[in-house]
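A.B. asks: here is the input, now give the coordinates:
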Amino acid sequence: MKVGIGSDHGGFEMKQQLAKLLAADGHEVVDFGNKVYDNNDDYPDFAIPLARAVARGDVERGVLVCGSGVGASVAANKIVGVRAALCHDDFSARQGVEDDNMNIICFGGRTTGIAVAWDCTKNFLGARFSGADRHRRRLAKVTQLDANRSPHADDRKEFQAVGPE
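C.D. replies: The predicted structure follows:
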């Protein structure tokens, strides 16, 4: 699988380790940086290009790491078509894909150990969206939000629920 990976200084060491593990596992790894440790770098500078690549289909899935994983997740989710989540366990990593079609997994380089991150990454990459009707219905509601986030859309529009109230 072609996997994008990126991190700021808070996740740099974990990113380097995960990239090696991914390559050893047979994945094609595209490194979105940072390529050198820089204590003054900013997570959006790596999360956003990776998220755009996932949304365009240039890479199939993404792995983002920052200090806590929260900032990387928030930044990635600003890109239409991205469903990123911070995971700390293999169930969430797998279920996020199967039920929610998650396409980017995020970790905290300062909060999660490499063994847990690698286990989560393997489960994330091995999972497939189930396509169950209930999951498609829920995903359609989330996708509706993306349609309202185009560069020219008024972000103040109210969310219009789909389905029974």
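
A.B. asks: and the longest helix seen in the chain, how far from the chain's centre?
C.D. replies: When the chain is parsed with DSSP state H, its longest helix is helix 133-147. Computed by C-alpha atoms, centre = their mean, to the nearest Å, the chain-centroid distance of helix 133-147 equals 17 Å.

A.B. asks: just the buried positions in that helix, please.
C.D. replies: By neighbour count on 16 or more other C-beta atoms under 10 Å, the buried set for helix 133-147 is 138-139. C-beta: built from backbone N, CA, C; applies to glycine.

A.B. asks: which strand residues bridge the spatially most central residue of the chain?
C.D. replies: Centroid check for the chain by C-alpha atoms, centre = their mean gives I104 as the closest residue, at 1.8 Å. Judged by DSSP bridges, the bridge partners of I104 are G62, A84.

A.B. asks: so it touches G81, yeah?
C.D. replies: No - using C-beta atoms under 8 Å, I104 is not in contact with G81, being 10.5 Å away.

A.B. asks: overlap in contacts, the two.
C.D. replies: Shared contacts of I104 and G81 (C-beta atoms under 8 Å, 6 or more residues apart in numbering): V54.

A.B. asks: E60: neighbouring residues, count only.
C.D. replies: 15 (other C-beta atoms under 10 Å).

A.B. asks: what are the neighbouring residues in contact with it?
C.D. replies: Contacts for E60 (C-beta under 8 Å, 6+ apart) come out as 1-3, 54, 103.
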